[in-house]
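Trainee: missing the sequence, but the structure's below:
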(Lines give C-alpha, C1' and ligand atoms only; values in the text may rest on other atoms or scores of the structure.)
Protein backbone atom coordinates (compact mmCIF):
# COMPACT_ATOMS: atom_id res chain seq x y z
CA UNK A 1 0.00 0.00 0.00
CA UNK A 2 1.28 3.43 -0.90
CA UNK A 3 2.33 5.63 2.00
CA UNK A 4 0.86 9.14 2.04
CA UNK A 5 3.05 11.86 3.50
CA UNK A 6 0.67 13.39 5.98
CA UNK A 7 -0.23 13.04 9.64
CA UNK A 8 -3.98 12.60 9.19
CA UNK A 9 -4.18 8.99 10.39
CA UNK A 10 -2.36 10.05 13.54
CA UNK A 11 -4.60 13.07 14.09
CA UNK A 12 -7.76 11.03 13.58
CA UNK A 13 -6.47 8.54 16.15
CA UNK A 14 -5.85 11.44 18.54
CA UNK A 15 -9.39 12.67 17.91
CA UNK A 16 -10.89 9.24 18.64
CA UNK A 17 -8.78 8.83 21.80
CA UNK A 18 -9.85 12.28 23.02
CA UNK A 19 -13.49 11.26 22.56
CA UNK A 20 -12.99 8.08 24.58
CA UNK A 21 -11.00 9.92 27.25
CA UNK A 22 -13.62 12.65 27.54
CA UNK A 23 -16.48 10.17 27.75
CA UNK A 24 -14.78 8.29 30.59
CA UNK A 25 -15.71 11.17 32.92
CA UNK A 26 -19.51 11.38 32.55
CA UNK A 27 -19.65 7.58 32.27
CA UNK A 28 -18.08 7.42 35.76
CA UNK A 29 -20.14 10.34 37.09
CA UNK A 30 -17.41 12.96 36.81
CA UNK A 31 -17.07 16.25 34.96
CA UNK A 32 -15.19 16.14 31.67
CA UNK A 33 -12.04 18.30 31.41
CA UNK A 34 -12.16 21.26 29.08
CA UNK A 35 -9.90 22.54 26.35
CA UNK A 36 -10.45 26.21 25.55
CA UNK A 37 -14.27 26.50 25.52
CA UNK A 38 -15.30 22.88 25.09
CA UNK A 39 -14.91 19.42 26.56
CA UNK A 40 -12.11 17.23 25.26
CA UNK A 41 -14.54 14.77 23.67
CA UNK A 42 -16.09 17.58 21.63
CA UNK A 43 -12.59 18.69 20.65
CA UNK A 44 -12.00 15.19 19.31
CA UNK A 45 -15.13 15.44 17.15
CA UNK A 46 -14.06 18.89 15.93
CA UNK A 47 -10.80 17.34 14.72
CA UNK A 48 -12.73 14.74 12.73
CA UNK A 49 -14.89 17.38 11.06
CA UNK A 50 -11.97 19.65 10.17
CA UNK A 51 -10.01 16.82 8.54
CA UNK A 52 -13.13 15.47 6.88
CA UNK A 53 -14.02 18.85 5.39
CA UNK A 54 -10.56 19.16 3.89
CA UNK A 55 -10.12 15.60 2.59
CA UNK A 56 -13.67 15.08 1.33
CA UNK A 57 -13.52 18.34 -0.61
CA UNK A 58 -10.13 17.37 -2.07
CA UNK A 59 -11.65 14.06 -3.12
CA UNK A 60 -14.58 15.83 -4.78
CA UNK A 61 -12.30 18.26 -6.61
CA UNK A 62 -10.25 15.32 -7.84
CA UNK A 63 -13.32 13.51 -9.18
CA UNK A 64 -16.51 15.66 -9.17
CA UNK A 65 -18.86 12.81 -10.04
CA UNK A 66 -21.97 12.57 -7.85
CA UNK A 67 -22.53 8.80 -8.09
CA UNK A 68 -18.91 7.84 -7.43
CA UNK A 69 -18.76 10.37 -4.61
CA UNK A 70 -21.90 8.89 -3.01
CA UNK A 71 -20.59 5.32 -3.31
CA UNK A 72 -17.29 6.26 -1.66
CA UNK A 73 -18.99 8.02 1.22
CA UNK A 74 -21.47 5.16 1.69
CA UNK A 75 -18.75 2.51 1.78
CA UNK A 76 -16.71 4.51 4.30
CA UNK A 77 -19.51 5.15 6.77
CA UNK A 78 -22.30 2.61 6.57
CA UNK A 79 -20.79 -0.92 6.60
CA UNK A 80 -18.99 -0.29 9.91
CA UNK A 81 -22.09 1.46 11.27
CA UNK A 82 -24.26 -1.54 10.32
CA UNK A 83 -21.83 -3.80 12.15
CA UNK A 84 -21.72 -1.81 15.41
CA UNK A 85 -25.52 -1.53 15.50
CA UNK A 86 -25.88 -5.29 15.00
CA UNK A 87 -23.23 -5.99 17.64
CA UNK A 88 -25.10 -3.70 20.03
CA UNK A 89 -28.49 -5.37 19.44
CA UNK A 90 -27.46 -9.01 19.16
CA UNK A 91 -24.38 -9.27 21.41
CA UNK A 92 -24.12 -6.41 23.92
CA UNK A 93 -27.88 -6.19 24.47
CA UNK A 94 -28.45 -9.87 25.31
CA UNK A 95 -25.30 -9.94 27.49
CA UNK A 96 -26.22 -6.89 29.59
CA UNK A 97 -30.02 -6.65 29.60
CA UNK A 98 -31.80 -7.18 32.90
CA UNK A 99 -34.80 -8.57 31.00
CA UNK A 100 -35.34 -12.09 29.77
CA UNK A 101 -34.11 -12.65 26.23
CA UNK A 102 -37.64 -13.23 24.99
CA UNK A 103 -38.81 -9.95 26.52
CA UNK A 104 -35.72 -8.16 25.24
CA UNK A 105 -36.14 -9.24 21.62
CA UNK A 106 -39.90 -8.61 21.64
CA UNK A 107 -39.53 -5.12 23.06
CA UNK A 108 -40.20 -2.31 20.56
CA UNK A 109 -37.04 -0.47 21.67
CA UNK A 110 -34.97 -3.36 20.32
CA UNK A 111 -36.45 -2.96 16.85
CA UNK A 112 -36.26 0.82 17.07
CA UNK A 113 -32.54 0.68 17.86
CA UNK A 114 -31.96 -0.81 14.42
CA UNK A 115 -33.01 2.55 12.95
CA UNK A 116 -29.47 3.73 13.81
CA UNK A 117 -28.50 1.90 10.62
CA UNK A 118 -30.46 4.59 8.78
CA UNK A 119 -28.98 7.38 10.96
CA UNK A 120 -32.19 7.85 12.91
CA UNK A 121 -30.46 7.97 16.28
CA UNK A 122 -31.81 5.86 19.12
CA UNK A 123 -29.79 5.45 22.30
CA UNK A 124 -31.49 2.87 24.49
CA UNK A 125 -31.98 -0.87 24.38
CA UNK A 126 -34.48 -2.40 26.84
CA UNK A 127 -32.92 -3.22 30.20
CA UNK A 128 -29.39 -2.36 29.02
CA UNK A 129 -27.16 -0.11 31.19
CA UNK A 130 -30.20 1.11 33.13
CA UNK A 131 -28.23 1.16 36.40
CA UNK A 132 -25.07 2.74 34.98
CA UNK A 133 -23.90 6.12 36.25
CA UNK A 134 -24.66 7.37 32.73
CA UNK A 135 -27.91 5.43 32.40
CA UNK A 136 -29.64 3.94 29.37
CA UNK A 137 -27.41 5.34 26.57
CA UNK A 138 -25.91 2.37 24.75
CA UNK A 139 -23.80 4.32 22.28
CA UNK A 140 -23.76 8.05 22.85
CA UNK A 141 -21.29 8.64 20.01
CA UNK A 142 -23.76 7.94 17.20
CA UNK A 143 -25.27 11.45 17.25
CA UNK A 144 -22.47 12.95 15.13
CA UNK A 145 -22.88 10.57 12.18
CA UNK A 146 -26.09 12.16 10.80
CA UNK A 147 -24.29 15.53 11.00
CA UNK A 148 -21.33 14.10 9.08
CA UNK A 149 -23.58 12.62 6.39
CA UNK A 150 -25.51 15.89 6.15
CA UNK A 151 -22.22 17.71 5.53
CA UNK A 152 -21.35 15.20 2.78
CA UNK A 153 -24.75 15.69 1.15
CA UNK A 154 -24.88 19.48 1.15
CA UNK A 155 -21.30 19.69 -0.08
CA UNK A 156 -22.46 18.36 -3.47
CA UNK A 157 -24.87 21.14 -4.52
CA UNK A 158 -22.56 23.74 -2.99
CA UNK A 159 -19.58 22.40 -4.93
CA UNK A 160 -21.57 22.01 -8.16
CA UNK A 161 -22.83 25.58 -8.07
CA UNK A 162 -20.07 27.54 -6.33
CA UNK A 163 -16.76 25.69 -6.59
CA UNK A 164 -16.50 25.56 -10.40
CA UNK A 165 -15.94 29.23 -11.25
CA UNK A 166 -13.04 31.63 -10.94
CA UNK A 167 -14.51 33.04 -7.72
CA UNK A 168 -14.47 29.66 -5.98
CA UNK A 169 -12.16 30.88 -3.19
CA UNK A 170 -14.53 33.70 -2.32
CA UNK A 171 -17.55 31.40 -2.64
CA UNK A 172 -16.09 28.73 -0.36
CA UNK A 173 -15.27 31.31 2.30
CA UNK A 174 -18.77 32.77 1.96
CA UNK A 175 -20.23 29.28 2.56
CA UNK A 176 -18.15 29.02 5.73
CA UNK A 177 -19.43 32.41 6.92
CA UNK A 178 -23.02 31.35 6.24
CA UNK A 179 -22.63 28.36 8.55
CA UNK A 180 -20.98 30.53 11.22
CA UNK A 181 -24.00 32.84 10.98
CA UNK A 182 -26.35 29.85 11.33
CA UNK A 183 -24.44 28.73 14.41
CA UNK A 184 -24.91 32.17 15.97
CA UNK A 185 -28.61 32.16 15.07
CA UNK A 186 -29.49 28.67 16.29
CA UNK A 187 -27.02 28.14 19.15
CA UNK A 188 -29.69 28.42 21.84
CA UNK A 189 -32.60 26.74 20.07
CA UNK A 190 -33.48 23.28 21.30
CA UNK A 191 -34.82 21.93 18.01
CA UNK A 192 -34.43 18.26 17.10
CA UNK A 193 -34.63 17.02 13.52
CA UNK A 194 -34.25 13.33 12.63
CA UNK A 195 -32.91 12.64 16.11
CA UNK A 196 -30.23 15.36 15.87
CA UNK A 197 -30.19 18.59 17.83
CA UNK A 198 -29.92 21.55 15.47
CA UNK A 199 -27.48 23.21 17.88
CA UNK A 200 -25.08 20.27 17.38
CA UNK A 201 -25.50 20.42 13.61
CA UNK A 202 -24.75 24.13 13.25
CA UNK A 203 -21.87 23.98 15.74
CA UNK A 204 -19.93 21.39 13.73
CA UNK A 205 -20.60 22.47 10.16
CA UNK A 206 -18.35 25.59 10.28
CA UNK A 207 -15.39 23.32 11.09
CA UNK A 208 -16.21 21.11 8.10
CA UNK A 209 -16.57 24.05 5.73
CA UNK A 210 -13.45 25.81 6.97
CA UNK A 211 -11.61 22.61 6.05
CA UNK A 212 -13.42 22.73 2.71
CA UNK A 213 -12.40 26.37 2.17
CA UNK A 214 -8.73 25.53 2.76
CA UNK A 215 -8.99 22.70 0.22
CA UNK A 216 -10.72 24.84 -2.44
CA UNK A 217 -8.64 27.98 -2.01
CA UNK A 218 -5.22 26.35 -1.89
CA UNK A 219 -4.70 28.07 1.46
CA UNK A 220 -2.80 25.01 2.68
CA UNK A 221 0.37 26.55 1.23
CA UNK A 222 0.13 29.20 3.97
CA UNK A 223 -0.15 26.66 6.77
CA UNK A 224 2.84 26.86 9.09
CA UNK A 225 3.66 24.85 12.19
CA UNK A 226 5.24 27.80 13.97
CA UNK A 227 2.16 29.95 13.40
CA UNK A 228 -0.04 27.03 14.47
CA UNK A 229 1.93 26.75 17.72
CA UNK A 230 1.50 30.47 18.39
CA UNK A 231 -2.24 30.21 17.77
CA UNK A 232 -2.46 27.21 20.09
CA UNK A 233 -0.70 29.13 22.87
CA UNK A 234 -2.98 32.08 22.18
CA UNK A 235 -6.06 29.88 22.63
CA UNK A 236 -4.71 28.48 25.88
CA UNK A 237 -3.90 31.85 27.43
CA UNK A 238 -6.70 33.84 25.80
CA UNK A 239 -7.93 36.47 28.23
CA UNK A 240 -11.52 36.70 29.35
CA UNK A 241 -13.78 37.79 26.55
CA UNK A 242 -17.26 37.23 25.17
CA UNK A 243 -17.97 33.51 24.80
CA UNK A 244 -19.46 33.97 21.34
CA UNK A 245 -16.32 35.74 20.16
CA UNK A 246 -14.25 32.83 21.49
CA UNK A 247 -16.43 30.42 19.50
CA UNK A 248 -15.89 32.39 16.30
CA UNK A 249 -12.12 32.57 16.86
CA UNK A 250 -12.13 28.81 17.37
CA UNK A 251 -13.59 28.29 13.89
CA UNK A 252 -10.58 30.08 12.42
CA UNK A 253 -7.76 28.98 14.70
CA UNK A 254 -8.48 25.29 15.34
CA UNK A 255 -8.69 24.30 11.63
CA UNK A 256 -5.43 26.18 10.98
CA UNK A 257 -3.74 24.30 13.84
CA UNK A 258 -5.07 20.85 12.91
CA UNK A 259 -4.41 21.12 9.17
CA UNK A 260 -0.95 22.59 9.79
CA UNK A 261 -0.14 19.48 11.81
CA UNK A 262 -1.78 17.20 9.27
CA UNK A 263 -0.03 18.66 6.22
CA UNK A 264 3.32 19.39 7.83
CA UNK A 265 6.32 18.78 5.54
CA UNK A 266 7.84 16.86 8.42
CA UNK A 267 5.17 14.17 8.50
CA UNK A 268 6.65 12.31 11.46
CA UNK A 269 3.59 10.11 11.86
CA UNK A 270 2.92 9.34 8.18
CA UNK A 271 4.01 5.74 8.73
CA UNK A 272 0.69 5.12 10.48
CA UNK A 273 -1.04 5.57 7.12
CA UNK A 274 0.31 2.16 6.09
CA UNK A 275 -1.30 0.27 8.97
CA UNK A 276 -4.94 1.17 8.43
CA UNK A 277 -7.33 3.73 9.83
CA UNK A 278 -8.63 2.54 13.18
CA UNK A 279 -10.05 5.90 14.22
CA UNK A 280 -13.58 5.31 12.92
CA UNK A 281 -13.80 1.95 14.64
CA UNK A 282 -12.51 3.47 17.87
CA UNK A 283 -15.14 6.16 17.63
CA UNK A 284 -17.96 3.70 16.90
CA UNK A 285 -17.11 1.21 19.63
CA UNK A 286 -15.59 3.44 22.32
CA UNK A 287 -18.73 4.56 24.14
CA UNK A 288 -20.37 1.15 23.80
CA UNK A 289 -17.36 -0.59 25.35
CA UNK A 290 -16.96 2.06 28.07
CA UNK A 291 -20.57 1.61 29.12
CA UNK A 292 -20.00 -2.16 29.23
CA UNK A 293 -16.88 -1.66 31.38
CA UNK A 294 -18.80 0.67 33.68
CA UNK A 295 -21.57 -1.88 34.03
CA UNK A 296 -19.08 -4.58 35.04
CA UNK A 297 -16.67 -2.72 37.33
CA UNK A 298 -18.78 0.24 38.45
CA UNK A 299 -17.69 3.85 38.74
CA UNK A 300 -15.70 3.75 41.96
CA UNK A 301 -12.51 2.96 40.04
CA UNK A 302 -12.78 6.37 38.37
CA UNK A 303 -12.43 7.68 34.81
CA UNK A 304 -8.81 6.64 34.28
CA UNK A 305 -9.50 2.92 34.60
CA UNK A 306 -12.62 3.23 32.45
CA UNK A 307 -10.55 5.05 29.83
CA UNK A 308 -7.73 2.49 29.81
CA UNK A 309 -9.96 -0.58 29.67
CA UNK A 310 -12.35 1.08 27.26
CA UNK A 311 -9.56 2.17 24.92
CA UNK A 312 -7.83 -1.23 24.88
CA UNK A 313 -10.99 -3.22 24.20
CA UNK A 314 -12.30 -0.66 21.71
CA UNK A 315 -8.97 -0.83 19.87
CA UNK A 316 -9.40 -4.58 19.46
CA UNK A 317 -12.88 -3.95 18.05
CA UNK A 318 -11.51 -1.23 15.76
CA UNK A 319 -8.72 -3.54 14.56
CA UNK A 320 -11.24 -6.24 13.67
CA UNK A 321 -13.61 -3.71 12.11
CA UNK A 322 -10.85 -2.36 9.86
CA UNK A 323 -9.37 -5.66 8.72
CA UNK A 324 -12.57 -7.71 8.47
CA UNK A 325 -14.89 -5.04 7.07
CA UNK A 326 -13.80 -1.44 6.46
CA UNK A 327 -10.65 -2.24 4.47
CA UNK A 328 -12.55 -4.70 2.27
CA UNK A 329 -15.32 -2.17 1.61
CA UNK A 330 -12.84 0.56 0.73
CA UNK A 331 -11.09 -1.76 -1.71
CA UNK A 332 -14.19 -1.78 -3.93
CA UNK A 333 -14.60 1.99 -4.00
CA UNK A 334 -14.59 3.63 -7.43
CA UNK A 335 -11.01 4.60 -8.18
CA UNK A 336 -9.90 8.16 -7.63
CA UNK A 337 -6.61 10.00 -7.73
CA UNK A 338 -6.83 10.75 -4.01
CA UNK A 339 -7.17 7.79 -1.65
CA UNK A 340 -9.11 8.64 1.54
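Mentor: Received it, and whenever you're ready, just let me know what you need. Remember, it's a predicted structure, so these values are computed and weren't measured experimentally.
Trainee: Could you give the number of residues near the closest residue to residue 145 other than its chain neighbours?
Mentor: Nearest non-adjacent residue to residue 145, counting by CB to CB, 6 or more residues apart in numbering: residue 119, 5.9 Å away. Every residue, glycine included, has its C-beta placed from N, CA and C. Residues within reach of residue 119, counting by other CB atoms under 10 Å, total 20.
Trainee: Against residue 19, how distant is residue 119?
Mentor: As defined by CB to CB, to the nearest Å, residue 119 lies at a distance of 18 Å from residue 19.
Trainee: Surely the residue nearest to residue 145 is in contact with residue 148?
Mentor: No. With contact defined as CB atoms under 8 Å, residue 119 does not count as touching residue 148 (9.3 Å).
Trainee: residue contacts, residue 294?
Mentor: Neighbouring residues of residue 294 by CB atoms under 8 Å, 6 or more residues apart in numbering: 27-28, 129, 132-134, 306.
Trainee: Residue 319 too?
Mentor: 276, 278, 281.
Trainee: How many residues are close by the residue nearest to the second one when sequence neighbours are not counted?
Mentor: With CB to CB, 6+ apart as the measure, residue 318 is the residue that lies nearest to residue 278, at 4.1 Å, once sequence neighbours are left out. Using other CB under 10 Å, residue 318 is surrounded by 27 other residues.
Trainee: which ones among the contacts of residue 294 are found in helices?
Mentor: 27, 306 (DSSP state H).
Trainee: Would you mind putting the contacts of residue 294 into TSV with neighbour count, pLDDT and distance to residue 101 alongside?
Mentor: Converted to TSV, the contacts of residue 294 look like this (neighbours: other CB atoms under 10 Å; pLDDT from 0 to 100; distance: CB to CB, whole Å):
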residue	neighbour count	pLDDT	distance to residue 101
27	27	96	26
28	24	94	29
129	25	96	17
132	21	94	20
133	17	93	25
134	18	93	24
306	27	96	27
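Trainee: Relative to residue 74, which of the contacts of residue 294 is nearest.
Mentor: Nearest to residue 74 among the contacts of residue 294 is residue 129, at 30.0 Å by CB to CB.
Trainee: Which residue is the nearest non-sequential neighbour of that closest one?
Mentor: Nearest to residue 129 is residue 291, by CB to CB, 6+ apart, at 5.1 Å.
Trainee: ok, now which ones touch that neighbour?
Mentor: 27, 129, 132, 134, 137-139.
Trainee: Buried residues, stretch 299-307. List them.
Mentor: Buried residues in stretch 299-307, counting neighbours by 16 or more other CB atoms under 10 Å, are found at 299, 303, 305-307.
Trainee: Just send these back as a markdown table, with distance to residue 200 too.
Mentor: Below are the buried residues of stretch 299-307 laid out as a markdown table (distance: CB to CB, whole Å):
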| residue | distance to residue 200 |
| --- | --- |
| 299 | 26 |
| 303 | 23 |
| 305 | 29 |
| 306 | 24 |
| 307 | 23 |
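Trainee: From the residues you listed, which shows the smallest pLDDT?
Mentor: Minimum pLDDT for these is recorded at residue 299 (81).
Trainee: For that residue, give me its contacts.
Mentor: Contacts of residue 299 by CB under 8 Å, 6+ apart are 27-29, 133, 306.
Trainee: In which helix or strand does it reside?
Mentor: Take DSSP states H and E as the rule and residue 299 turns out to sit in neither a helix nor a strand.
Trainee: Tabulate the contacts of residue 299 in CSV, adding columns for distance to residue 194.
Mentor: Listed next are the contacts of residue 299 as CSV, based on distance: CB to CB, whole Å:
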residue, distance to residue 194
27, 26
28, 31
29, 30
133, 29
306, 31
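Trainee: one step back: the residue nearest to residue 129 sits in which helix or strand?
Mentor: Short version, using DSSP H and E: residue 291 is in helix 279-297.
Trainee: quick revisit: what does the residue nearest to residue 145 show for phi and psi?
Mentor: Note on residue 119: its backbone torsions stand at phi 70, psi 10 [degrees, to the nearest 10].
Trainee: any idea how far it is from residue 164?
Mentor: 29 Å.
Trainee: so where's the protein shaky on pLDDT?
Mentor: For the chain, applying pLDDT under 70 flags the ranges 1-4, 239-242, 267, 270, 336-340.
Trainee: try 50 this time
Mentor: 1-3, 338-340 (pLDDT under 50).
Trainee: where along it do the helices fall?
Mentor: Under DSSP H, the chain gives helices at 8-27, 40-62, 66-87, 93-96, 101-106, 108-113, 144-162, 168-186, 198-217, 225-237, 243-262, 279-297, 303-321, 327-330.
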